[in-house]
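Undergrad: Give me the fold of what follows.
(one chain, ligands or ions: 1)
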Amino acid sequence: MAETTVKKLADVVGIPVDTLLTQMKEAGLPHTDAGEEVSDEQKQQLLAHLRKSHGAQSSEPSKITLKRRSTSTIKTTGAAGKAKTVNVEVRKKRTYVKRAAIEEEERLEAERKAAEEEAARLAEEEAKRKAEEEEAKRKAEEEEALRREQEAKARAEKERAAEEEKASQEKSKRASVPKTAKKAQKEETEEERKQREAEERKQREADETRRKQEAEQRQKAEEEAARRTAEEAKRIAEELEKRGGEQEQEKSDEEEEKGSSIVRDAVEAGYRTEERQSRRRRRKPRGGGVAHGQMRSSMNKQHGFKSPTEKMVYDVEIPETITVAELAQRMNIKAKELIKAMMKMGEMATVNQYIDQETAVLLTEEMGHTPKPVKGEEEALEDDLANLADYSGVDEVPRAPVVTIMGHVDHGKTSLLDHIRKAKVAAGEAGGITQHIGAYHVQLDKGMITFLDTPGHAAFTAMRARGAQATDIAIIVVAADDGVMPQTEEAINHAKAAGIPLIIAVNKIDKENADPDRVKNELAGKDVIPEEWGGEYQFVNVSAHSGQGIDDLLEAVLLQAELLELKAPDSGPASGVVIESRVEKGRGTVASVLIQSGELNVGDMLLAGAHYGRVRALIDENGKQVKKAGPSIPVEVLGLDGAPEAGEQIQVLPDEKKAREVAEFRQDRDRDVKLKRQQASKLENLFENMGSAEASQVNIVLKTDVRGSLEALIGALNDLSTDEVKVSLVSAGVGAINESDVNLAMTSEAVLLGFNVRADSKAKKLCEQEGIDLRYYSVIYELIDDVKQAMSGLLAPEKREEILGVAEVRDVFRSSKFGAVAGCMVVEGTLYRNRPIRVLRDDVVVFEGELESLRRFKDDVQEVRSGIECGIAVKSYNDVKEGDKIEVFEVKEVARSL
Ligand SMILES: Nc1nc2c(ncn2[C@@H]2O[C@H](COP(=O)(O)OP(=O)(O)OP(=O)(O)O)[C@@H](O)[C@H]2O)c(=O)[nH]1
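TA: From the prediction side, this is the model:
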């Protein structure tokens with residue numbers, strides 16, 4: 001400790017310098033001035049003196065601390081919903097002060113007081129005695145003075161008589177003078193005495209006042225020091241409590257012990273006054289300070305589960321996907337531990353992340369438990385379905401080949417499909433309006449052919465990705481004037497990979513610069529050898545414009561089909577594949593399906609991927625309602641409860657119960673798989689699928705609320721493409737905008753457009769971080785118009801929505817006045833009573849309108865800020881649910897840039 005001065009020490013201790021100096025003097029220290037330095041030894045000497053004089057106890061503790069431990073059990077519900085019993089151990093710690101110590105202290109205090117009183121009494125007596133002595137002295141002096149005066153007087157009298165005798169004849173006038181002088185002298189002495197007495201009285205009074213003031217000051221200083229000590233002790237106790245809550249009991253006890261010593265140090269450092277305070281505190285254990293702090297800190301200890309002495313080994317059931325939290329729970333460990341274990345294995349994961357079965361099995365083994373992978377609920381279900389599609393007893397009959405046309409951009413796929421359709425379909429239908437249902441079939445003299453009319457291998461591969469083998473034969477279109485191009489090769493590779501026979505249609509044969517031999521040569525170089533050259537591939541020269549060679553092409557297809565000996569049962573429950581689907585206003589879900597075996601009838605219970613429904617109507621490619629559809633026939637189905645994905649299997653089931661069961665199972669599975677895929681989505685893969693973007697183009701990532709709006713927007717956006725600027729939909733889908741959408745937009749420099757959907761919180765954050773342009777729309781026209789404007793460079797100021805605040809619905813009450821009232825928490829921005837609002841469910845807009853009321857407690861309010869609860873009633877909307885979000889927005893005019 002550094003040396004200090006008397007003044008500083010007095011400040012620290014909180015007593016007047018004079019008092020401290022007196023104490024120091026009593027302790028035998030030489031200090032007399034506030035500026036003098038006090039060494040550590042001197043401090044110790046002072047402390048020892050003070051302890052001695054005030055009866056401070058030795059280091060023996062005068063208090064005892066008792067710890068009480070009680071154990072009880074509570075029943076709770078685990079994350080899996082199972083009831084479980086939890087042992088709760090409560091540890092309490094109380095500090096009691098020894099009675100004897102208190103009594104001793106009280107005795108000492110009383111003694112001290114008595115000593116002080118005695119001292120005061122003695123001091124008073126002394127003062128009195130001194131005053132009396134002084135008075136006596138003064139009186140003696142007065143008497144002496146009087147005696148001397150009288151002597152002088154007598155002497156003077158004598159002298160005067162002698163003089164008078166000597167000069168009896170002389171008359172003297174001076175006789176009166178000494179008399180007057182003497183009289184004046186006597187009067188003066190009397191006055192002086194009175195004055196002195198008054199002064200002395202005054203002095204005594206002043207002394208008394210000063211003593212009182214000093215006592216008051218001392219009292220104040222003591223109180224101040226006591227308060228400071230209490231604060232300090234409280235702070236230390238709180239600190240200990242904080243630390244203690246996070247640490248083991250034993251460790252925490254140690255800390256407390258340490259803390260107590262810190263408190264002791266602090267108390268000691270406060271010397272006498274703080275010792276007094278400490279005593280006072282001990283006498284009043286409930287009065288805050290150390291005892292209180294300690295009690296709180298030990299009471300706040302977290303109870304811990306007693307870990308079993310022997311490690312339990314569990315059989316852990318592992319489904320195909322499982323969250324980290326769920327897996328941890330099944331192993332009876334904390335998710336944190338599991339995440340740690342995963343990190344050691346080089347996997348980063350969050351609590352709610354889904355992991356696949358394989359990883360989960362590894363982890364379970366790693367944690368020392370026995371993994372029990374749950375196998376084949378899905379397999380069992382699919383087996384079940386296969387058994388239901390029972391065609392035993394039904395003869396297989398030849399069926400029409402299903403053909404896909406693939407090839408490089410602009411080589412004439414669409415023209416070819418159109419030509420065949422016009423020539424072979426529409427012509428046969430009186431006034432028939434052909435419509436696009438994703439496929440059509442042509443009836444020829446020699447047989448029937450079904451064409452899938454979504455050209456390009458993207459659709460083909462998308463279907464294959466779902467395990468659907470809808471195509472029997474692939475026609476590869478190669479423009480005779482252009483030759484083999486990258487996508488020609490790709491298409492050939494895809495067809496070969498799928499094991500599908502292919503026929504080469506050398507198109508644009510009508511063109512002057514057509515060179516079909518060049519095509520043959522180039523393809524032969526790629527192992528596609530023409531028949532006439534001894535290979536196995538049929539080459540047919542055609543012109544989609546003039547129709548030349550088209551019949552030959554169709555014949556080649558039929559010939560190929562014959563070789564394939566395509567057959568299928570034409571009755572029994574239908575099964576097949578979804579070609580495409582959408583949701584149409586007024587019609588509901590419209591799914592184009594291709595029947596592969598059996599017969600689909602109106603009224604059948606149809607399972608389509610993760611959706612199901614009773615077939616309400618069947619419509620063929622000419623827009624005509626039909627009652628049934630057999631193998632290789634494409635048909636539109638109305639009546640499903642949702643839009644299945646292209647490539648999903650369809651199957652007729654005997655009853656709705658089974659259909660529902662399977663559909664629900666698949667929905668759950670799809671959700672899991674989707675989650676997994678989102679996490680695993682690799683930017684490079686997404687990027688690969690985008691293709692080359694050499695032309696000037698506007699890249700768009702689009703998300704919509706329903707498939708219907710998605711289709712409409714895709715169509716409209718694609719139509720915007722011009723020779724100069726292409727609209728490229730990098731990705732388009734249904735549902736909230738998620739992180740992978742943002743990532744995709746980022747890497748492809750695309751704008752992110754949400755139609756009646758919102759970005760989820762992670763996506764929103766990423767957009768903010770990366771500065772991605774994220775736009776929300778609720779009117780198709782506005783979205784299209786914005787893109788159009790951007791393409792033509794006419795970026796006029798636009799109206800843009802700004803979301804002002806978002807509230808989460810925590811609870812819903814029914815009110816007779818307002819209907820449904822949502823108890824909400826404002827989680828973002830501010831809610832305003834009079835601005836337009838939307839209700840979002842899973843980040844998809846389900847209602848748009850305005851508020852009926854906005855309340856805080858019982859009061860109507862105009863706005864509610866983030867972090868505050870409020871009650872909301874939405875005008876004309878009573879369907880608000882817990883978990884919904886209510887967003888308040890406003891439309892602003894801003895400078896446009898896309
Ligand atoms: N002269 C001539 N032009 C053709 C023929 N077939 C197609 N075209 C033209 O070639 C261009 C591309 O034809 P599409 O049918 O759109 O080609 P596509 O392969 O479907 O093109 P994408 O859909 O962009 O992949 C169009 O301008 C057609 O008019 C043909 O047999 N002769």
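
Undergrad: Residue 143 sits in which helix or strand?
TA: Using DSSP states H and E, residue 143 maps to helix 99-166.

Undergrad: what's the offset of that helix from the middle of its chain?
TA: Offset of helix 99-166 from its chain centre (CA atoms, centre = their mean, to the nearest Å): 87 Å.

Undergrad: Which other helices and strands does it contact?
TA: If you count contacts as 3 or more CB pairs under 8 Å, 6 or more residues apart in numbering; DSSP states H and E, helix 99-166 packs onto helix 176-246, helix 271-283. (C-beta placed from N, C-alpha, C; glycine too.)

Undergrad: Residue 503 against residue 541, yeah?
TA: No - shown here, residue 503 and residue 541 do not form a contact pair, counting by CB atoms under 8 Å, at 12.0 Å.

Undergrad: With residue 803 as the reference, measure out to residue 831.
TA: From residue 831 across to residue 803, the span is 11 Å (CB to CB, to the nearest Å).

Undergrad: Need the residues touching each of those two.
TA: Each of residue 888 lies in contact with both residue 831 and residue 803 under the rule CB atoms under 8 Å, 6 or more residues apart in numbering.

Undergrad: These two - which one has more neighbours?
TA: Under the criterion of other CB atoms under 10 Å, the comparison of residue 831 against residue 803 puts residue 831 first, with 27 against 15.

Undergrad: Compare the helices and strands packed on helix 99-166 and say which comes out lowest on pLDDT.
TA: For the helices and strands packed on helix 99-166, mean pLDDT drops lowest on helix 271-283, to a mean of 39.

Undergrad: By mean pLDDT, point me to the weakest helix or strand of the chain.
TA: helix 683-688 (a mean of 32; mean pLDDT, DSSP states H and E).

Undergrad: Counting neighbours, show which residues of whichever helix or strand comes after that helix come out buried.
TA: Toward the C-terminus, helix 683-688 is succeeded by strand 696-704 as the next helix or strand (DSSP H and E). Residues of strand 696-704 classed as buried by neighbour count (16 or more other CB atoms under 10 Å): 697, 698, 699, 700, 701, 702, 703, 704.

Undergrad: Can you give me the distance of the third one to residue 628?
TA: Translated: residue 699. Using CB to CB, residue 699 is found at 45 Å from residue 628.

Undergrad: Closest one of the buried residues of strand 696-704 to the ligand?
TA: Using CB to the nearest ligand atom, residue 697 comes nearest to the ligand of these, at 13.9 Å.

Undergrad: OK, contacts around the nearest residue to residue 886 once chain neighbours are set aside?
TA: Of all residues not flanking residue 886 in the chain, residue 807 sits nearest, at 4.8 Å (CB to CB, 6 or more residues apart in numbering). Each residue near residue 807 by CB under 8 Å, 6+ apart is listed here: 822, 824, 825, 826, 827, 831, 864, 870, 872, 885, 886, 887.

Undergrad: Which helix or strand contains residue 807?
TA: Using DSSP H and E, residue 807 sits within strand 798-815.

Undergrad: Next, the buried residues of that strand.
TA: Applying 16+ other CB under 10 Å to strand 798-815 flags 798, 800, 801, 804, 805, 806, 807, 808, 809, 812 as buried.

Undergrad: Quick one: residues contacting the last one.
TA: With contact set as CB under 8 Å, 6+ apart, residue 812 has these partners: 820, 821, 822, 823, 880, 881, 882.

Undergrad: what's the answer for the fourth one, then?
TA: Shown here is residue 804, whose contacts under the criterion CB under 8 Å, 6+ apart are 829, 830, 831, 832, 835, 888, 889, 890.

Undergrad: Count the residues that sit near the second one.
TA: To tie it back to what came earlier, the one meant is residue 830. For residue 830, the count of nearby residues is 17 (other CB under 10 Å).

Undergrad: quick one: it and the ligand, what's the gap?
TA: To the ligand, residue 830 is 49 Å away according to CB to the nearest ligand atom, to the nearest Å.
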